[in-house]
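Asks: Below is the sequence, then the predicted model.
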Amino acid sequence: MASLAAAQVQEVRSITRIERIGAHSHIRGLGLDDSLEPRAVSQGMVGQKMARKAAGIVLQMIREGKIAGRAVLLAGQPGTGKTAIAMGLAQALGPDTPFTSMAGSEIYSLEMSKTEALTQAIRKSIGIRIKEESEIIEGEVVEVVVDRSAGGGGAGAARVGRLTLKTTDMETNYDMGAKMVDSMLKEKVQAGDVITIDKATGKINKLGRSFARARDYDATGQQARFVQCPEGELQKRKEVVHTVTLHEVDVINSRTHGFLALFSGDTGEIKSEVREQINSKVAEWREEGKAEMIPGVLFIDEAHMLDIECFSFLNRALESETAPVVIMATNRGITRIRGTTYRSPHGIPLDLLDRAIIVPTTPYDHHDLREILNISLRCCETPTSGDAVRPLRLEML
Amino acid sequence: MKRKPCLIESFDDSNSFEKRLKAAFRSKAAETTSKMHKNTIWYKSVQSAEKSCLKQDKIKKIHYKFEDAKEMVEEYNVDTQVLLRRAWKVKTELGGDGKWDVEIGDPIPDATPHVETAEIFESNDQPIVTRRNTRINLEWRIRNLPYPIETYSISANNEEKCIIIRTTNKKYYKKLQVPELMRLNLPIEQANIQFSHQYNTLIIVYKKPQQLLDMDKDWYEELKQVKPVKDIPNECQTQ
């Protein structure tokens, strides 16, 4: 009986480790080679070679920081991989470049004005790399214990863990919340690893395995790097480089103070004075060489849902020196610009279209569709025979 | 073996000009060393800081606002003139409100624990350092340290300007900063350190040097010039 219960618990745990599958989970990049030529099937991407190559060039320009303040428009029929290309671009940019994804209709909220929503989205897409002194925990893992809080069992149950770390001089127990436990599992931290944890952000960095554990296994992976167990205190103050977005700085500086901070999860509108103050502060940091600005990417899906006010605001915002790359996607042909009676290609005013590089996507053929189906079925870990794929494919055409 | 009398010692003339000069010089020197602390950066910065005062029962609270946007709060016991608490608030690099960082006294209970910080913190049963100074001593209390007294070795380290606690069982290690001595530019003397252990608590005591005592006294006198705010909203007390 007891063993049965244990087996069940084991099963539940193993399920939570699998990531959820979405429509674009299988995309890991743009699938280009080093010379930006698209491979036929790579990193979850299939076909659409011209568009992918174009995205690759845009990607390279973003990496070199040469394209800030430009717009890219992905246009094509529904289901031709526009969002997939944007996701692939985000993956290829890596975690250090801010990538904000929003749908055009997201701006119609009663909580804040359209321009505020757009400004926040734009500021979320601009990163600042800044050196900050921060509390770092550095030590060798002695033990990681993960347990479920009482009354749990569902997927939403808060997991709590315990972590024991040591240096050559001391040993300390830490309590961890659910998020920390998750990132511990993700990093596959185990006893004998030497890790650093940024106490403010919770970022875990694996330095290697402790020399003391070098003999634990006969066969170790080639990547296994052995390091000394750290000395002295576990907690140190160190200068680390953080990447924060302008929006995050805005939020930190406009928080309601004191007790009320608990209840204001959403920040609502941010005063323009605060933004101006921060802009001048950032300019000061850049001049002193303390900070570096990273223009990121703002992706607006269903861009035809924006109205004329947003378009003119975007047009203006793109001209400022701290503008991200704006990538829009739309599946409309010539249609009415929202908020006017004018008709225009993609429902976007001509002055903004003139600023944009238009990347068209074309419908997939049978071949590509079969590949895509195979990839997403593999991603879902659903074994499907060739006979079953055919009707699925016909359905998609 | 009899020691030869030193010339000056044996010279027994109290009216000698030389001796009077020396005595005068010595007293002058003593006076200057006792006033030396007034020239430290620390003393000048607290002097120039914007101060406000609040008196509550037997506690005098002083709030300092420094030029570099730092804030400090001190709480004195009016009867004993002992500093009960000193806490700092420093703005973070990115702006926004910092947290109160307690230098001396019991930590301020956190009303909103771990709201914004990441979800890792020391367990409740781990050692905690608190400071509690007396009139003549600087004191550190480290709770939750169950090991017997032989385990600890405590040494002054003047290179890193701290007191280092080591344990023979390699369970605890801590560098204690001594900001009071750093502000006066005084070295940490091993001879002034004493420690005891009872009820799971390690108590480390450092005897305040004369200069520090002088400064504390002078500063308390100086604080009398800061007039306390009259109307304290009494009904506003929480709990």
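Replies: Looks like it came in fine.
Asks: can you pull out the helices in chain B?
Replies: Counting by DSSP state H, chain B has helices at residues B:7-10, B:17-35, B:41-48, B:179-184, B:210-223.
Asks: and the fourth one, C-alpha only, in PDB?
Replies: Read that as helix B:179-184. Only the C-alpha atoms of helix B:179-184 are listed here, as PDB (Å, rounded to 0.1, in the frame of the first residue of the first chain):
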ATOM      1  CA  PRO B 179      31.900  50.500  11.900                       C
ATOM      2  CA  GLU B 180      32.400  52.500  15.100                       C
ATOM      3  CA  LEU B 181      36.100  51.900  15.100                       C
ATOM      4  CA  MET B 182      36.400  52.400  11.300                       C
ATOM      5  CA  ARG B 183      34.800  55.800  11.600                       C
ATOM      6  CA  LEU B 184      37.500  56.900  14.100                       C
END
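Asks: Centre of the chain to that helix, how far?
Replies: Once both centres are worked out by Cα atoms, centre = their mean, to the nearest Å, helix B:179-184 turns out to sit 7 Å from its chain's centre.
Asks: Repeat that for the third one.
Replies: When C-alpha coordinates are averaged (Cα atoms, centre = their mean), helix B:41-48 and its chain have centres 15 Å apart.
Asks: now the angle between helix B:210-223 and it, please.
Replies: Calculated by axes from the mean of the first three to the mean of the last three Cα atoms, to 10 degrees, helix B:41-48 forms an angle of 10 degrees with helix B:210-223.
Asks: was I right about A:T361 contacting A:G79?
Replies: No - with contact defined as Cβ atoms under 8 Å, A:T361 does not reach A:G79; the gap is 9.5 Å. From N, CA and C alone the C-beta is placed, and that goes for glycine too.
Asks: Compare those two and say which is more crowded by neighbours.
Replies: Using other Cβ atoms under 10 Å in any protein chain shown as the criterion, A:T361 and A:G79 rank with A:T361 on top: 23 against 15.
Asks: mind checking how far that one is from A:E371?
Replies: Distance of A:T361 to A:E371, computed by Cβ to Cβ, to the nearest Å: 16 Å.
Asks: okay, the nearest residue to A:G139 once chain neighbours are set aside: pLDDT?
Replies: Using Cβ to Cβ, 6 or more residues apart in numbering or on different chains and skipping the chain neighbours, the partner closest in space to A:G139 is A:L165 (3.6 Å). Confidence at A:L165, expressed as pLDDT, is 91.
Asks: repeat for the one 5 residues further on
Replies: Residue-level confidence at A:M170 comes out at 90, pLDDT.
Asks: Quick check: bridge partners of the nearest residue to it once chain neighbours are set aside?
Replies: Spatially, and ignoring its direct neighbours in sequence, A:M170 is nearest to B:Y173 (3.9 Å; Cβ to Cβ, 6+ apart). On the basis of DSSP bridges, B:Y173 is bridged to B:R166.
Asks: Would you agree B:Y173 is in contact with B:C162?
Replies: No - with contact defined as Cβ under 8 Å, B:Y173 does not reach B:C162; the gap is 11.8 Å.
Asks: Name every strand pairing with the longest strand anywhere in chain A and say which way it goes.
Replies: As assigned by DSSP state E, the longest strand anywhere in chain A is strand A:126-148. Using DSSP bridges, the strands paired with strand A:126-148 are strand A:159-166 (antiparallel), strand A:193-198 (antiparallel), strand A:235-245 (antiparallel), strand A:291-295 (antiparallel).
Asks: okay, the residue nearest the centre of chain B: pLDDT?
Replies: Closest to where the C-alpha atoms of chain B average out (Cα atoms, centre = their mean) is B:E180, at 4.2 Å. B:E180 is assigned 87 on the pLDDT scale.
Asks: do the same with A:I130
Replies: On pLDDT, A:I130 comes in at 87.
Asks: I'm done for today, thanks for sticking with me.
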